[in-house]
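> Fold the stuff below for me.
(one chain, ligands or ions: 2)
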Amino acid sequence: MFTIVRNLNFRGPTCSVIAWKCPEIKVTVVDLSKERIAQWNSEKLPIYEPGLDDVVKACRADLIFISVNTPTKSFGNGKGRAADLKYVEGAARMIADIAQSNKIVVEKSTVPVRAAESILNILSANQKPGVSYQILSNPEFLAEGTAIEDLLHADRVLIGGEDSIEGRAAIEELCSVYEHWIPRKNILTTNTWSSELSKLAANAMLAQRISSINSLSAVCEATGADVSEVARAVGLDSRIGSKFLQASIGHP
Ligand SMILES: NC(=O)C1=CN([C@@H]2O[C@H](COP(=O)(O)OP(=O)(O)OC[C@H]3O[C@@H](n4cnc5c(N)ncnc54)[C@H](O)[C@@H]3O)[C@@H](O)[C@H]2O)C=CC1
Ligand SMILES: O=C(O)[C@H]1O[C@H](OP(=O)(O)OP(=O)(O)OC[C@H]2O[C@@H](n3ccc(=O)[nH]c3=O)[C@H](O)[C@@H]2O)[C@H](O)[C@@H](O)[C@@H]1O
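Ligands and ions are numbered 1, 2, ... in the order given. Modelled structure (predicted):
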């Protein structure tokens with residue numbers, strides 16, 4: 001999915017929040033799927049959605065967000081484990097094809113570390129004269145069901161980029177969008193690989209907590225302890241914290 005925001009490109013809930021918080025910015029979502037386009041055009045989603053062709057042809061974006069799906073590979077090396085980057089690579093080829101001026105390409109999809117390098121390789125291999133690229137990593141931390149709340153009151157926004165004059169300028173450009181509603185102190189800037197890895201590390205640590213409390217719930221059953229009492233007692237330790245300590249196969 002691409003979204004052009006006064007010359008930027010974004011994903012669903014994120015771009016809705018940007019459209020709301022940044023009235024001077026024009027937000028346009030682009031998706032390969034006609035069905036998705038129709039959904040964005042439906043009454044449920046409050047943003048205007050022109051067709052993919054028009055947007056691609058008129059692509060004057062300065063910032064382009066790649067927020068495409070990164071499913072688990074279903075064949076080849078890493079089958080059943082690794083992320084399939086074919087949609088990310090397809091999006092990069094599309095950008096290389098349409099770019100007429102310098103672009104900041106923002107990697108919003110959840111990707112393996114150094115995916116930004118693959119994006120840059122694709123863009124560089126198809127680079128036109130007078131067009132240069134900066135790649136930023138800006139992982140999404142929202143959870144489904146609380147997307148808007150997570151976006152509006154994000155604990156932090158993470159932006160990773162190249163440590164160069166151009167890289168830092170690109171980071172600043174993206175910071176200026178988020179600063180419409182996120183306090184600057186909550187916008188973290190890092191190098192590209194730290195940002196990519198932090199997203200995977202956050203997901204892994206959240207999963208570990210659920211996994212640990214679920215294991216403890218088996219111990220509770222065997223011993224007569226009550227897992228919610230244990231979770232509360234453990235979570236009140238400020239070093240541990242109370243979130244993500246609900247044992248279950250998935251709570252509502
Ligand atoms: N959904 C969530 O709660 C979160 C998702 N993420 C990550 O964000 C990324 C996107 O996730 P979702 O939005 O849930 O996936 P999704 O599968 O719902 O949407 C991806 C969209 O990208 C479109 N697309 C694929 N290639 C394209 C191209 N070249 N040009 C234009 N559109 C293209 C597809 O048609 C699809 O509609 C994934 O990497 C996911 O891991 C990260 C955090 C939270
Ligand atoms: O990278 C992603 O895709 C997202 O993955 C998770 O989000 P998500 O999987 O949508 O939803 P969660 O709220 O994390 O819940 C995951 C599952 O764990 C369960 N859960 C959660 C918390 C808990 O204490 N116990 C528990 O069983 C939930 O019921 C749910 O079934 C992370 O929370 C997001 O920050 C991240 O952006």
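> In terms of helices and strands, where is Ser215?
helix 192-223 (DSSP states H and E).
> List the buried residues for that helix?
For helix 192-223, a neighbour-count test (16 or more other CB atoms under 10 Å) marks Thr192, Ser195, Glu196, Leu197, Ser198, Lys199, Arg209, Ile210, Ile213, Leu216, Ser217, Cys220 as buried. C-beta here means a position set from N, CA and C on the backbone, and glycine is covered the same way.
> thought the second one was touching Ile135?
Which is Ser195. No - taking CB atoms under 8 Å as the definition, Ser195 is not a contact partner of Ile135, at 10.7 Å.
> intersection of neighbour lists for these two?
Counting by CB atoms under 8 Å, 6 or more residues apart in numbering, the residues touching both Ser195 and Ile135 are Gly161.
> ok so, going back, hmm, the helix holding Ser215 touching ligand 2?
Yes - under the criterion of CB under 6 Å from any ligand atom, ligand 2 is reached by helix 192-223 at Asn203, Leu206, Ile210.
> Find the helix or strand that Phe65 is a member of.
Residue-wise, Phe65 maps onto strand 63-66 under DSSP H and E.
> quick check, distance from stretch 15-22 to the centre of its chain.
Relative to its parent chain, stretch 15-22 has a centroid offset of 15 Å by CA atoms, centre = their mean, to the nearest Å.
> Ligand 2 contacts on the chain?
Close to ligand 2, as judged by CB under 6 Å from any ligand atom, the chain has residues 110, 140-144, 203, 206, 210, 244-246, 248, 250-251.
> Which stretches in the protein count as helices?
Assigned by DSSP state H, the chain shows helices spanning 12-21, 34-41, 52-57, 86-98, 115-125, 147-152, 165-178, 192-223, 227-235.
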